[in-house]
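Engineer: generate a structure from the sequence data that follows.
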Amino acid sequence: MTERLLRTLWRHRPAVLMLAIVASNAAPASARKAQPVSPPAPVSAPATPEQRAAILAAIDAAIAAGRLDSARSMIGRTLPIDPSPEFQLRLAELALASGDIAGAGAQFTELAAEPTLAARAQQGLGLARLRQGNLPAATAAIEAALAAEPGLLRAWNARGVIADRQRDWPAADKAYAAVLAIDPRSVAALTNRGYSRSLRALYAKAETDLAAAAAIDPASSITQTNLRFARAMQGRYRDAFSGSTKETLANDLNTVGFAAMARGDTEAAETYFNRAMSLNTRFDRVAWANIEYLRSHRKTQLDPDSVLAGDRSPGPTPRR
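Structural biologist: Numbers count the residues shown, from 1 in each chain. Sure, this is the predicted structure:
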């Protein structure tokens, strides 16, 4: 019932909180935490195997760290003199990371015919289809990738995301466990599994995963938001603000307010929304919409059956 209520509340868009699953087109946590890599010197002839490996590693690190201009520059310098399939694959990965989902999908589809790239290209194609919301195509590509190369971490993460969207909890657990068996410090897998457990109202277990992810990568705002939500859904509002800063407090108040609203604790929710609004004018419209939503549903006290059965009015639009 809790999951149904949460989905209903989100459908009505009452808060700025979006429990976003960690994007599966990101590289594994171990890659994302890598130190910046200096671009290799440009080469004047096709790269040797050693040069090629160094350049590819530098490109991978740049994409994983979000340094897309650096990755684009390295690919642009190298591809004309070494148009090998490996560099074509990085071009597709760069398109995916840059948000050119259709272009990335087309490139991955073409590269899937390369025997040495097939599994990784299918992984990329699955991620692109997942970003497009095409679950059947995403599932087919991800399953093909894992059948060919069972150690692909991003494919397993994507498999978990797909399973969560299908509410196939055993499959989700299996997918995230597969990632963590290979990389126990995967922030993506820990955060995604924490989110998955929140969907099932397993908030204490969700907190364990999310706290572990936050300890590895304290800068991840998605992890921190989900951790605050999991704690607040256990009624531990004070704990939910642990680590809040002046810069994040207004958003954190809105997150905890949404959790309080989902729990039916309308007085606490209104208090948090009002405070968020007073701290940051950026939250005026959203926080006010949350308060109005609360007031309009005070008679039902957010009773799940009442909301699900009778309320179909459109709710406030979230920030994008």
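Engineer: who are the packing partners of the top helix by length along the chain?
Structural biologist: Counting residues, the longest helix in the chain under DSSP state H turns out to be helix 49-64. Contact here means 3 or more CB pairs under 8 Å, 6 or more residues apart in numbering; DSSP states H and E; on that basis helix 49-64 packs against helix 29-32, helix 68-78, helix 85-98. Where C-beta positions appear, they are placed from N, C-alpha and C, glycine not excepted.
Engineer: what does the last one contact?
Structural biologist: Residues outside helix 85-98 that contact it (CB atoms under 8 Å, 6 or more residues apart in numbering) are 25, 52, 56, 59-60, 63, 66, 68, 71-72, 75, 78-79, 103-104, 107-108, 111, 114, 116-117, 120-121, 124, 127-128, 131.
Engineer: quick one: the longest helix of the chain to chain centroid distance?
Structural biologist: Once both centres are worked out by CA atoms, centre = their mean, to the nearest Å, helix 49-64 turns out to sit 25 Å from its chain's centre.
Engineer: how about the helices of the stretch 51-200 of the chain, start to end?
Structural biologist: In chain order, the stretch 51-200 of the chain shows helices spanning 68-78, 85-98, 101-111, 118-131, 135-148, 153-165, 169-182, 187-199, with DSSP state H, counting those that start in this stretch as the criterion.
Engineer: who wins for proximity to Ala230 among those helices?
Structural biologist: Of all these, it is helix 187-199 that lies closest to Ala230, at 5.5 Å by CB to CB.
Engineer: in whatever helix or strand comes next after the closest one, which residues are buried?
Structural biologist: Sequence order places helix 203-216 as the next helix or strand after helix 187-199, per DSSP states H and E. Within helix 203-216, the residues that count as buried by 16 or more other CB atoms under 10 Å are Tyr203, Ala206, Glu207, Thr208, Asp209, Leu210, Ala211, Ala212, Ala213, Ala214, Ile216.
Engineer: do the same with stretch 184-203
Structural biologist: Applying a neighbour-count criterion of 16+ other CB under 10 Å, one finds 185-199, 202-203 buried in stretch 184-203.
Engineer: mean confidence score for it?
Structural biologist: Mean per-residue pLDDT for stretch 184-203: 97.
Engineer: distance from the chain centre to that stretch, please.
Structural biologist: When C-alpha coordinates are averaged (CA atoms, centre = their mean), stretch 184-203 and its chain have centres 11 Å apart.
Engineer: can I get that stretch in PDB, CA atoms only?
Structural biologist: These are the backbone C-alpha positions of stretch 184-203, laid out as PDB (Å, rounded to 0.1, in the frame of the first residue of the first chain):
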ATOM      1  CA  PRO A 184      31.500  -3.800  -3.700                       C
ATOM      2  CA  ARG A 185      32.000   0.000  -3.800                       C
ATOM      3  CA  SER A 186      29.700   0.700  -6.800                       C
ATOM      4  CA  VAL A 187      27.900   3.800  -5.800                       C
ATOM      5  CA  ALA A 188      25.400   3.300  -8.700                       C
ATOM      6  CA  ALA A 189      24.500  -0.200  -7.600                       C
ATOM      7  CA  LEU A 190      24.200   0.700  -3.900                       C
ATOM      8  CA  THR A 191      22.100   3.800  -4.700                       C
ATOM      9  CA  ASN A 192      19.900   1.900  -7.100                       C
ATOM     10  CA  ARG A 193      19.300  -0.900  -4.700                       C
ATOM     11  CA  GLY A 194      18.600   1.600  -2.000                       C
ATOM     12  CA  TYR A 195      16.000   3.200  -4.200                       C
ATOM     13  CA  SER A 196      14.600  -0.200  -5.100                       C
ATOM     14  CA  ARG A 197      14.200  -1.100  -1.400                       C
ATOM     15  CA  SER A 198      12.400   2.300  -0.800                       C
ATOM     16  CA  LEU A 199       9.900   1.300  -3.500                       C
ATOM     17  CA  ARG A 200       9.200  -1.800  -1.400                       C
ATOM     18  CA  ALA A 201       8.900   0.200   1.800                       C
ATOM     19  CA  LEU A 202      12.000  -1.500   3.100                       C
ATOM     20  CA  TYR A 203      13.400   1.800   4.400                       C
END
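Engineer: so who does Ala102 touch?
Structural biologist: Ala128, Gln132.
Engineer: list the contacts for the closest residue to Phe241 other than its chain neighbours?
Structural biologist: Counting by CB to CB, 6 or more residues apart in numbering, Asp252 is the residue found nearest to Phe241 once chain neighbours are left out, at 5.9 Å. Contacts for Asp252 were tallied using CB under 8 Å, 6+ apart; they are Thr225, Arg228, Ala240, Phe241, Ser244.
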